[in-house]
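> quick check, what structure comes out for this input:
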Amino acid sequence: MTNSGDVTLTLYSIAYDDDWHPIAVPVVGVSITIDGVKTEYVTDENGAAVVRLDGGDHVFSAVSNAQTLVPPACKLNDTRKVGDADGNSVVNMMDVLIAYRAASGHMELAPAVQYLVDFDNNNVLNMADVMYFYRFASGQSAELVKSDIDTLD
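As a prediction, the model looks like this:
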């Protein structure tokens, strides 16, 4: 998955038309669960719900007090690499530039992308993250991992 932070989930049920042919119809007003936890996300008149994620693997389902549902399931796997700010599966200086522009206030990153470049996990993209990232992309550091960064040594 190379998401921008938002994922649209659409839920349909099977019904029958006037000639008893099966058709798909949107399921309206049901709550979305993420990893088994009920959320504030509810399907709209088209059966869709836009869910904001911060990255990682997730299992989605839906629950309703008004409708009987066969529990739907959707598993979303996050395939982006740590540091892959532009989503092209390669970590390079372009990703560093994106992180720099975001850290300096010239652009805003989707939460899922910010998560990938916030190396010290403090929920703030700053120049310490950019410098750590630069050292990897320029070949000065052999590995790129999310951890607690104490120094840039």
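> look up which helix or strand the closest residue to V117 other than its chain neighbours falls in, please.
Excluding the flanking residues, the one nearest V117 by Cβ to Cβ, 6 or more residues apart in numbering is A99, at 4.4 Å. Where C-beta positions appear, they are placed from N, C-alpha and C, glycine not excepted. According to DSSP states H and E, A99 maps onto helix 93-103.
> how far does that helix sit from its chain's centre?
19 Å (Cα atoms, centre = their mean, to the nearest Å).
> that one: what's the following helix or strand?
helix 111-117.
> send the alpha carbons of the helix or strand harbouring Y134 over as CSV?
Assessed by DSSP H and E, Y134 sits inside helix 127-137. Written as CSV, here are the backbone C-alpha positions of helix 127-137 (Å, rounded to 0.1, in the frame of the first residue of the first chain):
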residue,chain,number,x,y,z
MET,A,127,15.7,18.9,11.2
ALA,A,128,17.1,16.0,13.4
ASP,A,129,14.9,13.6,11.3
VAL,A,130,16.0,15.2,8.1
MET,A,131,19.7,15.0,8.9
TYR,A,132,19.4,11.3,10.0
PHE,A,133,17.6,10.7,6.7
TYR,A,134,20.2,12.6,4.7
ARG,A,135,23.0,10.5,6.2
PHE,A,136,21.4,7.3,4.9
ALA,A,137,20.4,8.6,1.5
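> pLDDT (mean, whole number) over that helix?
Across helix 127-137, pLDDT averages out at 85.
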